[in-house]
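Chemist: Sequence plus predicted model, see below.
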Amino acid sequence: MNSLEPVNGKARIDYTQDTLFGPMAKHIECQVAVQRHTDGMVLKVFQPLPDDLQAAHTVVVALDGRRTSGVVKDSQRLSDDSLRLELEIQ
């Protein structure tokens, strides 16, 4: 995957959230744009998406036959109601 060109498509996202009762695993399928960088990756998730995805701590993205896992370093809601997740690849 070229670090300068984003890859778009429908992806399965498995994510975990830390709760008072321990980690909670969830998953969704949605449209995404993925851009790899040397130090990680930026994942843009488009609507419709669950409100709790913004609070995810770890993410596994399955897109185009590839699975990538990472720790969420930063999350930000964008003006178009999409979600931008900055990930540190594991």
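Modeler: Arrived safely. Residues are numbered from 1 along each chain as shown.

Chemist: Stretch 79-90 - what's its average pLDDT?
Modeler: The average pLDDT for stretch 79-90 rounds to 95.

Chemist: neighbouring contacts of it?
Modeler: 39-47, 49, 53-54, 56, 58-59, 68-78 (Cβ atoms under 8 Å, 6 or more residues apart in numbering). Where C-beta positions appear, they are placed from N, C-alpha and C, glycine not excepted.

Chemist: and what of stretch 34-51?
Modeler: 1-3, 5-8, 11, 13, 26, 28, 30-33, 53, 59, 61, 63, 68, 70, 73, 78, 81-89.

Chemist: quick one: pLDDT of Asp39?
Modeler: At Asp39, the pLDDT value in this model is 80.

Chemist: And the strands in the chain?
Modeler: Ranges of strands within the chain are 7-19, 22-37, 40-45, 58-63, 66-77, 83-89, based on DSSP state E.

Chemist: okay if I get those as a markdown table plus mean neighbour count?
Modeler: Converted to a markdown table, the strands of the chain look like this (neighbours: other Cβ atoms under 10 Å):
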| stretch | mean neighbour count |
| --- | --- |
| strand 7-19 | 15 |
| strand 22-37 | 14 |
| strand 40-45 | 20 |
| strand 58-63 | 19 |
| strand 66-77 | 14 |
| strand 83-89 | 18 |
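
Chemist: Beta-bridge partners for the residue most central in space within the chain, please?
Modeler: Nearest to the mean C-alpha position of the chain, by Cα atoms, centre = their mean, lies Leu43 at 4.8 Å. Leu43 has these beta-bridge partners by DSSP bridges: Val34, Leu85.
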